[in-house]
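Engineer: Predicted model and sequence follow; I will ask about them next.
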Amino acid sequence: MQKTNPEIFKNNWEALKERYPEMSERLKGTMVGDKYELFQQPNCMPNIMDRATKQPYYIGQIQEFMKKNFVGLELDNARQVVFLGFGLGYEIIYFIQAVAKVQNTQSIIVIERDIEMFVAALNVTDLTQIIRDKNIHLFIGLNETETYSVFRDFFSKNLPNLLMCGVTQPVFTSSAMRLNKEYYMLALRTIYESIYHSTQNFGNCPEDSLIGLENMLDNVDEIVSNPGINLLYDKFKGRPAVIVSTGPSLKKNMHLLKGLEDKALIISCDASFKLLMRNGIRPHMVTSLEREHEVQQFFDGFIPEEVKNIYMTACPVLFNHVYKAYTGPKIIVYRNFDHFKWLEIERGILEIKLSSSNMAFKIAEALGCDSIILIGQDLAYGENDETHATEVPFSSEGEGQFMVPGNNGQPIKTNSGWYGFLKAYEYDISQHKGRVINCTEGGAYICGTEIKTFQEVIDAFEDKFEPLNVIKTELAKFTSSKDDMERLKAKIEFTETEVRNIIDLCIKGSATCALYQEELKNTSTERLREIRGQILDPRLEINKKHNDTFQLFLMHVLQSYHIKFEMETIMMYRTPAEILSNYHKWYAFVGDICEICLQSLMKAKDKLYGKSALS
């Protein structure tokens with residue numbers, strides 16, 4: 001009896017090429033028959049059998065198998081589901097037909113380990129609607145090392161899916177779990193891990209983000225007066241870069257940096273800087289992005305002559321006194337925060353994650369460096385539980401300690417803080433087109449890196465290209481513009497008016513919420529719609545009339561709260577009255593933050609105009 005259907009395969013393949021072109025290229029040439037064998041009994045749907053064990057994927061009548069597979073499925077408000085296993089596609093089709101509407105499911109993420117299994121499904125099941133559905137996302141044949149980066153990328157680029165993290169629930173398909181339980185459990189854990197880290201990228205607390213905004217406004221003189229990293233984009237194409245971090249292993253190979261100044265671009269993290277200088281090693285750049293007062297200790301104490309050729313390459317969320325403490329030249333680097341776009345003073349925006357080492361990597365990448373070499377990037381405790389190669393004024397250690405794979409193949413102890421940096425590195429490396437060589441002697445393994453000794457790598461350096469001259473030549477093209485300052489003054493005047501209007505709308509929204517708070521406890525559906533319109537009207541007006549200011553100037557400060565609020569709202573979709581009653585919190589919080597941001601804006605205005613702007 002015919003098991004495969006060429007017409008079904010053709011239609012599925014065309015849909016796959018259209019929606020998932022990269023996947024179709026990976027699947028091209030995969031044939032069914034190596035591991036599995038399709039078979040079909042009379043009056044039954046096609047089935048598939050493991051050739052080695054002779055065990056069918058679906059046991060008994062497939063229709064009955066489907067029903068039993070979903071009996072007792074403990075789902076509640078499963079707005080987004082993660083299917084662990086795809087099989088021949090019967091499970092997801094059954095779920096869409098029998099379960100999705102009850103659960104109000106809006107997004108389905110499908111993970112299938114086995115490429116041959118998926119190709120078999122393309123041969124026997126009409127999957128065209130599933131493949132083309134923008135709310136269904138297929139991840140086929142991912143290996144364990146790439147799963148995190150793939151899902152980190154997915155949630156970073158798909159905010160609606162990230163917002164549904166609180167209502168994301170797994171669907172365990174019994175046959176897939178029987179065959180590959182360990183893989184699917186790891187994949188599920190990785191999804192939740194990537195969601196957590198993607199959420200972290202929006203900031204942990206408004207207070208921290210507010211410091212960054214205030215510091216940016218306080219650093220306007222530095223921003224206007226100094227060149228940006230954008231002047232150096234792609235100026236080191238094909239050249240190596242060495243990133244020097246402060247892990248406990250750094251002392252083991254730091255001495256090998258001497259003499260490399262003309263053969264590699266050397267980028268030091270701020271915590272490594274003084275240690276390098278004490279040992280006669282002069283990096284070309286020093287990165288910094290922490291909003292901590294103690295960062296000044298990494299840069300102070302140098303006379304201008306010592307650091308005249310070493311560029312403080314920092315994000316202007318640093319405290320202004322940190323900039324003032326450094327007597328050498330500076331380069332401005334923006335993180336991908338919207339308030340830097342609000343400035344409209346171009347200096348170069350990079351997708352920087354959590355640490356100054358992550359920052360150094362993105363700089364090397366932006367400059368076009370072909371090989372990026374890591375030393376001192378332990379992200380783990382040293383042999384005697386050392387945390388750093390030198391004393392540091394504050395620590396990035398997290399709370400929990402646990403074991404991860406080490407560069408030497410043995411488990412090594414890390415903590416939650418360093419692990420976040422490690423996963424940020426893995427994501428960045430997955431997006432990077434060049435080589436990343438980890439020459440850290442010890443430390444945690446970073447997926448995507450080559451492991452070599454530093455001596456082995458530098459022995460291959462041949463050309464002298466004088467990085468310092470390249471930097472000086474390109475930055476000499478920079479001229480400070482008075483137009484930047486005048487444009488910024490006009491921008492501040494406009495934004496002041498906008499923020500005041502948003503504050504008024506928040507006051508209006510809070511008053512409307514208070515007016516209907518009692519009625520929301522017991523009201524009809526029709527009346528609820530009327531109240532909903534009045535409560536949401538101020539927020540809609542903010543989005544419609546003041547969206548640029550709200551998004552570009554305010555959102556980075558608000559977003560950690562705003563994201564949490566949206567997540568909680570999605571979780572409460574079955575209680576619309578409760579959602580509306582909670583909006584008084586949103587208006588109160590946004591209004592309070594706007595008041596604080598307005599004061600910061602007025603201080604910047606005072607500084608720019610040289611007179612009191614607070615009166």
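Structural biologist: Arrived safely.

Engineer: Going along the chain, name the strands of the stretch 501-615 of the chain.
Structural biologist: Counting by DSSP state E, counting those that start in this stretch, one finds no strands in the stretch 501-615 of the chain.

Engineer: Any regions of it where pLDDT drops low?
Structural biologist: 611-615 (pLDDT under 70).

Engineer: got it, and the chain?
Structural biologist: 1-3, 70-73, 203-204, 395-397, 611-615.

Engineer: domains in it, as residue ranges please.
Structural biologist: 6-200, 207-475, 482-609 (automatic domain parsing).

Engineer: out of these, deepest packed?
Structural biologist: domain 207-475 (a mean of 19; mean count of other C-beta atoms under 10 Å). Placement of C-beta: from N, CA and C, glycine included.

Engineer: At the geometric centre of the chain, which residue do we find?
Structural biologist: Nearest to the mean C-alpha position of the chain, by C-alpha atoms, centre = their mean, lies Ser198 at 4.4 Å.

Engineer: Which helix or strand contains that one?
Structural biologist: helix 174-200 (DSSP states H and E).

Engineer: Run the chain-centre distance for that helix.
Structural biologist: Remark: helix 174-200 is offset 18 Å from the chain centroid, using C-alpha atoms, centre = their mean, to the nearest Å.

Engineer: Check stretch 356-373 too.
Structural biologist: How far stretch 356-373 lies from its chain's middle: 17 Å, per C-alpha atoms, centre = their mean.

Engineer: ditto for stretch 300-309
Structural biologist: Mean-position distance between stretch 300-309 and its chain equals 35 Å (C-alpha atoms, centre = their mean).

Engineer: ok, residues contacting it?
Structural biologist: By C-beta atoms under 8 Å, 6 or more residues apart in numbering, the list of residues contacting stretch 300-309 from outside reads 274, 277, 282, 284, 325-329, 468, 472.

Engineer: hmm, try it at 6 Å
Structural biologist: By C-beta atoms under 6 Å, 6 or more residues apart in numbering, the surrounding residues in contact with stretch 300-309 are 325, 327-328, 468.

Engineer: Please put the alpha-carbon coordinates of that stretch into PDB.
Structural biologist: Output in PDB follows, covering the C-alpha atoms of stretch 300-309 (Å, rounded to 0.1, in the frame of the first residue of the first chain):
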ATOM      1  CA  ASP A 300      42.400  57.200  38.200                       C
ATOM      2  CA  GLY A 301      46.000  57.800  39.200                       C
ATOM      3  CA  PHE A 302      47.500  58.000  35.700                       C
ATOM      4  CA  ILE A 303      49.300  61.100  34.500                       C
ATOM      5  CA  PRO A 304      48.400  62.100  30.900                       C
ATOM      6  CA  GLU A 305      51.800  61.000  29.500                       C
ATOM      7  CA  GLU A 306      51.200  57.400  30.700                       C
ATOM      8  CA  VAL A 307      47.900  57.000  28.900                       C
ATOM      9  CA  LYS A 308      48.100  59.300  25.900                       C
ATOM     10  CA  ASN A 309      47.900  56.500  23.500                       C
END
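
Engineer: how near is Arg26 to Glu146?
Structural biologist: 12 Å (C-beta to C-beta, to the nearest Å).

Engineer: same question, Leu598
Structural biologist: As for Leu598, its distance to Glu146 is 45 Å (criterion: C-beta to C-beta).

Engineer: Over to His339?
Structural biologist: 33 Å.

Engineer: try Asn158
Structural biologist: For Asn158 relative to Glu146 (C-beta to C-beta), the value is 18 Å.

Engineer: same question, Cys369
Structural biologist: From Cys369 to Glu146 the distance is 23 Å (C-beta to C-beta).

Engineer: do Glu91 as well
Structural biologist: Counting by C-beta to C-beta, the gap from Glu91 to Glu146 is 24 Å.

Engineer: now for the helix or strand containing Ile211, which elements pack on it?
Structural biologist: Per DSSP H and E: Ile211 is located in helix 206-218. Secondary-structure packing of helix 206-218 (3 or more C-beta pairs under 6 Å, 6 or more residues apart in numbering; DSSP states H and E): helix 555-571, helix 583-609.

Engineer: relative to helix 206-218, how tilted is the longest one?
Structural biologist: Per axes from the mean of the first three to the mean of the last three C-alpha atoms, to 10 degrees, the angle that helix 583-609 makes with helix 206-218 is 20 degrees.

Engineer: just the angle between helix 583-609 and helix 555-571, please?
Structural biologist: 170 degrees.

Engineer: other SSEs contacting helix 583-609?
Structural biologist: On a contact count with 3+ C-beta pairs under 6 Å, 6+ apart, helix 583-609 meets helix 206-218, helix 482-516, helix 555-571.

Engineer: Tell me the spacing between Lys258 and Ile458.
Structural biologist: Counting by C-beta to C-beta, the gap from Lys258 to Ile458 is 11 Å.

Engineer: just Glu346 next, same as before
Structural biologist: According to C-beta to C-beta, Glu346 stands 36 Å off from Ile458.

Engineer: ditto for Leu159
Structural biologist: 43 Å.

Engineer: what does Met23 give?
Structural biologist: For Met23, the distance to Ile458 - C-beta to C-beta - is 40 Å.

Engineer: swap in Tyr427?
Structural biologist: The spacing between Tyr427 and Ile458, counted by C-beta to C-beta, is 27 Å.

Engineer: host element of Lys252?
Structural biologist: helix 250-253.

Engineer: Only alpha carbons, please: show that helix as CSV.
Structural biologist: C-alpha atoms of helix 250-253 as CSV (Å, rounded to 0.1, in the frame of the first residue of the first chain):
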residue,chain,number,x,y,z
LEU,A,250,45.1,35.9,33.4
LYS,A,251,48.5,35.9,35.2
LYS,A,252,49.4,32.6,33.6
ASN,A,253,49.7,34.1,30.1
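
Engineer: Can I get the following helix or strand past it in CSV, CA atoms only?
Structural biologist: Next in sequence after helix 250-253, counting helices and strands by DSSP H and E, comes strand 265-269. Taking Å, rounded to 0.1, in the frame of the first residue of the first chain, the C-alpha atoms of strand 265-269 are listed here in CSV:
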residue,chain,number,x,y,z
LEU,A,265,44.5,45.0,18.5
ILE,A,266,44.6,44.7,22.3
ILE,A,267,41.4,45.5,24.1
SER,A,268,41.5,45.4,27.9
CYS,A,269,38.4,45.2,30.2
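
Engineer: what's strand 265-269 in contact with?
Structural biologist: 236, 241-246, 276, 283-287, 356-357, 360, 467.

Engineer: same deal with stretch 287-299?
Structural biologist: So stretch 287-299 is in contact with 211-212, 269-270, 273, 313-315, 317, 319, 321-322, 325-326, 356, 359-360, 393-394, going by C-beta under 6 Å, 6+ apart.

Engineer: ditto for stretch 489-503
Structural biologist: So stretch 489-503 is contacted by 542, 546, 549, 553, 591, 594, 598, 601, 605, 608 (C-beta under 6 Å, 6+ apart).

Engineer: isn't Ile191 right up against Phe151?
Structural biologist: Yes: taking C-beta atoms under 6 Å as the definition, Ile191 is a contact partner of Phe151 at 5.3 Å.

Engineer: Apart from its chain neighbours, what residue comes closest to Phe454?
Structural biologist: Cys439 (3.8 Å; C-beta to C-beta, 6 or more residues apart in numbering).

Engineer: just to revisit the earlier point, right, so of the helices and strands packed on helix 206-218, which gets closest to Pro56?
Structural biologist: Closest of those to Pro56 is helix 555-571, at 39.3 Å (criterion: C-beta to C-beta).

Engineer: Now do that closest one against helix 174-200, angle only.
Structural biologist: Counting by the same axes, to 10 degrees, helix 555-571 points 150 degrees away from the direction of helix 174-200.
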